[in-house]
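Based on what follows, work out the 3D shape:
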Amino acid sequence: MQKIHKYLKSRGEQLDTEIAAATRLPLEDVRQYLAELAKKGDIIACHSTRFVKGQKVEGMLCRIAGYIPTASPGRKPKAKA
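All right, here's what the predicted structure looks like:
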């Protein structure tokens, strides 16, 4: 589970299939770990449907709960007050 948590923290929001491919864990195990992490409240997960080249891809979209990643380097417009 630590491997999945670390991956989500570094990459942000990802599909379960992308997490499985990156961590080289079986998809069934990843889904089980994600369900456990969601139950504990460590991640936020929702079911998502995407269309890639006309193909319907369904999966679980996950991200770390309450975590806001730091801004990447470079110039960005400032928020107006």
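
Run the chain-centre distance for the lowest-mean-pLDDT helix or strand in the chain.
Lowest by mean pLDDT, DSSP states H and E among the helices and strands of the chain is helix 2-11, with a mean of 87. Distance of helix 2-11 from the chain centroid (C-alpha atoms, centre = their mean, to the nearest Å) equals 8 Å.

Show me which positions of it end up buried.
Of the residues in helix 2-11, those with enough neighbours to count as buried (16 or more other C-beta atoms under 10 Å) are 4, 7, 8. (Each C-beta comes from the backbone N, C-alpha and C, glycine too.)

Contacts only, for the second one.
Contacts for residue 7 (C-beta atoms under 8 Å, 6 or more residues apart in numbering) come out as 14, 19, 22, 23.

For the first one, give me the pLDDT.
For residue 14, the model assigns a pLDDT of 91.

now swap in the second one and tell me
In the predicted model, residue 19 carries a pLDDT score of 93.

How about the last one?
The predicted local confidence for residue 23 comes out at a pLDDT of 92.

If you drop the residues flanking it in sequence, what lies closest to it?
Distances taken as C-beta to C-beta, 6 or more residues apart in numbering place residue 3 nearest to residue 23, at 5.2 Å, with adjacent residues excluded.
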